[in-house]
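> need a structure here:
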Amino acid sequence: MPVNKSMNVLVVDDYTTMIRIVRGLLEQLGFNNIDTAVDGPSALEQIRHKDYGLILSDWNMTPMTGYELLKAVRADQRTKATPFVMVTAEAKAENIVAARNAGVNNYIIKPFTLAVLKQKLTAVLGEL
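Got it, this is the predicted structure:
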């Protein structure tokens with residue numbers, strides 16, 4: 001069954017250039033309902049008011065890291081099953097293990113290509 005590309009997608013990154021890049025790649029893959037947030041607290045606020053079919057979040061942000069955002073999303077009954085993909089320059093094994101243990105669906109290391117994004121999202125969502 002093909003993925004519903006009209007689902008709401010949330011991209012969270014404190015670096016606006018990265019938000020633009022990820023949004024552009026998602027649009028190339030056919031997604032068109034893309035919201036953005038520049039930090040964890042504003043992302044949580046958006047998540048409380050809207051249902052998302054996918055969340056892509058950077059790891060390194062302040063005042064709340066992507067890891068803390070992931071834990072908050074997983075702790076909420078309404079959002080605990082929402083597909084969550086961590087996007088980060090941090091390739092440390094302990095970070096990947098911690099994110100997996102907290103319930104991340106996939107992990108993308110920056111920099112990445114459209115092909116890598118498509119492959120990681122296909123693994124989480126199904127055929128794009």
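> first vs last residue of stretch 105-114, how far apart are they?
With Cα to Cα, to the nearest Å as the measure, the ends of stretch 105-114 fall 18 Å from one another.
> Could you do stretch 64-83 as well?
From start residue to end residue, stretch 64-83 stretches across 19 Å - Cα to Cα.
> same question, stretch 103-120
Between the opening and closing residues of stretch 103-120 lies a distance of 15 Å (Cα to Cα).
> Which residues does it contact?
18, 22, 25-26, 28-29, 56, 70, 74, 80, 83-91, 96, 99-100, 121, 123-124, 128 (Cβ atoms under 8 Å, 6 or more residues apart in numbering). To be clear about C-beta, it is placed using only N, CA and C from the backbone, and glycine gets the same treatment.
> In which helix or strand does V85 reside?
In this structure, V85 sits in strand 84-88 according to DSSP states H and E.
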